[in-house]
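*Asks:* from the sequence below, what's the structure:
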Amino acid sequence: MRIIEINSFVIGSTGNIMLNIASKARAQNNEVYIFCANTRRNSNVDISKECMIGTRIERKLHIWLSQFTGFNGCFSWFSTYGFLRKADKIDPDIVHLHNLHNSYINLPMFFKWIKKNNKKVIWTLHDCWAFTGQCPHFIVAKCGKWKTGCFNCPRYKEYPESLFDRTKTMYKLKKKWFTGVENLTIVTPSNWLANLVKQSFLRDYPVKVINNGIDLNIFKPIESEFKKEHNIEDKKVLLGCASPWSDRKGLDVFIKLSDMLSEDYKIVLVGLSKEQLETLPKNIIGIERTNNQTELAEIYTMADVFVNPTREDNFPTVNIEALACGTPVITFNKGGSPEIIDETCGCVVKCDDVVSLKNEIVRVCEEKPYSREDCIIRAAQFDMNDKFKEYVDLYDNI
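*Replies:* You can find the predicted model right below:
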């Protein structure tokens, strides 16, 4: 079986998911071809240059035109033409889509090719962008316009950034492009996102839930000298991890908690920018993003509790990584984040109820109701080998 996989990046969470699925499929004797945007970050990864779609110059032009006009995904004509010629030569049995936003492929050209050639398609949605006029998330904005038609968007100046609100037109265009594919299966990592898809203009497609998975050979309890190195051996540590950090991820919540918790507690945040590190309260230990997963596993292991006050997330793997290292998780009741937790390994708090969150942190740290063993058992349900095999099985089924 010949498979094409497409994502904006081959790095980060979605890039790693795509590469791991490809690796699993190749192990089952399938031919898998990876395609991504032509960016400097992608070129730093050891992948074939043939997988790059177009040139960096045309992509930069696409980004600029998208920002200036508000029409995202309507440019990169030459890049897309070149990619489609390669796709014709490959003649894939299945086209597996991931993130198509971020200005690197001409969407009407691409979906016209899919429909004309009657390609079987799997589309893994990592956010809500596919069925909105522009935004990948809308919970914080408390917006439900995507159900019937976007207009007067409160977030059009955010990613993917635009100078003008074209969401009304883009909603109609995306509905035209993305519907009418003869054989398309949508995959979502969470039940939460699957339920949103069923309320959108993509509702007529079958939806399958395949949770994100992690590498349990990397994320496991690993003792370290972290507490000793930071002189917090006598502290109860609550850990947060995100990249990038923003109020959407709950950075403001940790700032509030730093004022509410006693000196017996210490907050450690991983994934901060240099600018954020300079403005942190002194009682928070900030760490820049680390690409060393073993080091990250050591940090997860030393924490007493992992706190994820995210307000918009599909199925955050940081929750699973913490559990795999034996650390219980507390999260807000928003998005797909609560689906990772059960009564054996953590708890869920009402979104923005910082007082209840603080009380739960104290309870978990003082009473220790969740054992390391139970957390690890829960994480085992999200072994990436099992999850990515579900994709290979889906390839075979369709």
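
*Asks:* could you list the low-confidence segments of the stretch 1-150 of the chain?
*Replies:* Along the stretch 1-150 of the chain, segments meeting pLDDT under 70 span 48-50.

*Asks:* mind listing the strands for it?
*Replies:* Secondary structure of the stretch 1-150 of the chain by DSSP state E, counting those that start in this stretch: the strands cover 2-6, 31-37, 52-53, 94-97, 120-124.

*Asks:* and the longest helix along the chain, what does it pack against?
*Replies:* Taking DSSP state H as the criterion, the chain has its longest helix at helix 12-27. Other helices and strands packing on helix 12-27, by 3 or more C-beta pairs under 8 Å, 6 or more residues apart in numbering; DSSP states H and E, are strand 2-6, strand 31-37, helix 384-397. Placement of C-beta: from N, CA and C, glycine included.

*Asks:* chain center to the second one, what's the gap?
*Replies:* Distance, stretch centre to chain centre, for strand 31-37: 19 Å (C-alpha atoms, centre = their mean, to the nearest Å).

*Asks:* how many neighbours does Gly185 have?
*Replies:* No, residue 185 isn't Gly; it's Thr. 19 (other C-beta atoms under 10 Å).

*Asks:* so that it lines up with my notes, have the first residue be 9 from now on.
*Replies:* All set: I'll call the first residue 9, so the last point we hit is now Thr193.

*Asks:* check the gap between it and Leu27 for me.
*Replies:* Per C-beta to C-beta, to the nearest Å, Thr193 is found 21 Å from Leu27.

*Asks:* tell me how far the residue located most distally from the centre of the chain lies from Lys236.
*Replies:* Each residue of the chain has a distance to the centre, and by C-alpha atoms, centre = their mean the biggest one is for Asp242: 34.6 Å. Distance, Asp242 to Lys236, by C-beta to C-beta: 11 Å.

*Asks:* just how off-centre is the host helix or strand of Lys366 within its chain?
*Replies:* Using DSSP states H and E, the element containing Lys366 is helix 362-375. Centroid separation between helix 362-375 and its chain, computed with C-alpha atoms, centre = their mean, is 27 Å.

*Asks:* okay if I get the strands of the stretch 9-158 of the chain as CSV plus distance to Leu224 and mean neighbour count?
*Replies:* Listed next are the strands of the stretch 9-158 of the chain as CSV, based on distance: least, C-beta to C-beta, whole Å; neighbours: other C-beta atoms under 10 Å:
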stretch, distance to Leu224, mean neighbour count
strand 10-14, 23, 22
strand 39-45, 23, 21
strand 60-61, 32, 24
strand 102-105, 24, 24
strand 128-132, 21, 21
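
*Asks:* quick one, which of those gets closest to Gln284.
*Replies:* Smallest distance to Gln284 across the strands of the stretch 9-158 of the chain (C-beta to C-beta): 26.3 Å, for strand 39-45.

*Asks:* for the closest one, packing partners?
*Replies:* Under the contact definition 3+ C-beta pairs under 8 Å, 6+ apart, strand 39-45 sits against strand 10-14, helix 20-35, strand 60-61, helix 85-98.

*Asks:* neighbouring strands of it in the sheet, and parallel or not?
*Replies:* Next to strand 39-45 in the sheet, as set by DSSP bridges, lie strand 10-14 (parallel), strand 60-61 (parallel).

*Asks:* can you redo these as a markdown table with distance to Ile338?
*Replies:* What follows is these, written out as a markdown table (distance: least, C-beta to C-beta, whole Å):
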| stretch | distance to Ile338 |
| --- | --- |
| strand 10-14 | 35 |
| strand 60-61 | 41 |
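
*Asks:* out of these, which gets nearest to Asp382?
*Replies:* Using C-beta to C-beta, these put strand 10-14 closest to Asp382, at 35.4 Å.

*Asks:* that closest one to helix 20-35, inter-axis angle?
*Replies:* 170 degrees (axes from the mean of the first three to the mean of the last three C-alpha atoms, to 10 degrees).

*Asks:* strand 10-14 to helix 392-405, inter-axis angle?
*Replies:* 120 degrees.

*Asks:* tilt between strand 10-14 and strand 128-132?
*Replies:* 40 degrees.

*Asks:* show me what strand 10-14 is in contact with.
*Replies:* The contact list for strand 10-14 (C-beta atoms under 8 Å, 6 or more residues apart in numbering) reads 26, 29-30, 33, 38-44, 95, 98-106, 108, 113, 403.

*Asks:* how about a cut-off of 6 Å?
*Replies:* 26, 30, 38-43, 98, 100-105 (C-beta atoms under 6 Å, 6 or more residues apart in numbering).

*Asks:* for the helix or strand just after the helix holding Lys366, buried residues please.
*Replies:* The helix or strand immediately downstream of helix 362-375 is helix 380-387, counting by DSSP H and E. For helix 380-387, the neighbour count (16 or more other C-beta atoms under 10 Å) marks Arg380, Asp382, Cys383, Ile384, Arg386, Ala387 as buried.

*Asks:* list the contacts for Tyr41?
*Replies:* Ile12, Ile98.

*Asks:* again, only using 10 Å
*Replies:* 10-14, 30, 56, 58-59, 94-95, 98, 100, 103 (C-beta atoms under 10 Å, 6 or more residues apart in numbering).
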